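Visitor: can't give you the sequence, but here's the structure:
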């Protein structure tokens, strides 16, 4: 964890020449694979609260994915925004695989591209590269712009409005965080 003096120096520096919406700092949260494995350091964040008011710079927490109710509640009044983008990317990947199975669509090309990207390496915790399916799921969102994913997406969209499905599932996660904060 950074010390409060260093954080204040950073807040002062950035607010002198721009108007950031948030200040991102380490909170102790950490995701690996599809799990939250970190430990929120609320004492540290409480020390930063006076600085957030002084510089009108609320805290944004990265790695806030996969929090349970009590973990979310612990952040109330301390954290103003949370990044859960990896969780949403994995959700979309899992939905794509579920729907492809449901409709009999071959997703192997997409899974291979995701696996070969090696974008899963930094996210591994207890698993290894031999768990290719998990690795592909963890790295899937990095491959959404590939032709393989576009083909998979288009094939699923022949059966349903896949955008609406993805949005509805993401809103469930948003609602979970909002109602538990």
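Guide: Cool, the structure landed. Remember, predicted model here, so these are calculated numbers, not experimental data.

Visitor: how close does residue 175 sit to residue 64?
Guide: According to C-beta to C-beta, to the nearest Å, residue 175 stands 15 Å off from residue 64. Just so you know, the C-beta spots here come from the backbone N, C-alpha and C atoms, and that holds for glycine as well.

Visitor: ok, those two, which is more surrounded?
Guide: residue 64 (25 against 10; other C-beta atoms under 10 Å).

Visitor: ok, now which ones touch the residue nearest to residue 40 when sequence neighbours are not counted?
Guide: Leaving out its chain neighbours, the residue that sits closest to residue 40 by C-beta to C-beta, 6 or more residues apart in numbering is residue 28, at 5.0 Å. Going by C-beta atoms under 8 Å, 6 or more residues apart in numbering, residue 28 touches 1, 38, 39, 40, 41, 44.

Visitor: filter these down to just the ones in strands.
Guide: Cross-referencing the contacts of residue 28 with the strands (criterion: DSSP state E) gives no overlap at all.

Visitor: filter the residues you listed down to just the buried residues.
Guide: Among these, those scoring as buried are 38, 40, 44 (criterion: 16 or more other C-beta atoms under 10 Å).

Visitor: pLDDT below threshold where in this structure?
Guide: Flagging of the chain using pLDDT under 70 yields the residue ranges 1-2.

Visitor: so which residues of it form helices?
Guide: 4-17, 42-54, 69-73, 85-102, 108-116, 132-139, 147-157, 162-180 (DSSP state H).

Visitor: just name whatever secondary elements the third one is in contact with.
Guide: If I follow you right, that is helix 69-73. helix 162-180 (3 or more C-beta pairs under 8 Å, 6 or more residues apart in numbering; DSSP states H and E).

Visitor: now the helix it packs on: buried residues?
Guide: Neighbour counts using 16+ other C-beta under 10 Å place 162, 165, 166, 170, 177 of helix 162-180 among the buried residues.

Visitor: dump the buried ones among the contacts of residue 28 to TSV, plus distance to residue 149.
Guide: Converted to TSV, the buried ones among the contacts of residue 28 look like this (distance: C-beta to C-beta, whole Å):
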residue	distance to residue 149
38	29
40	34
44	39
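
Visitor: what distance separates the start and the end of stretch 119-138?
Guide: One end of stretch 119-138 sits 8 Å from the other (C-alpha to C-alpha, to the nearest Å).

Visitor: how far off centre is it?
Guide: If you compare the mean C-alpha spot of stretch 119-138 with that of the full chain, they lie 16 Å apart, counting by C-alpha atoms, centre = their mean, to the nearest Å.

Visitor: many thanks, have a good one.
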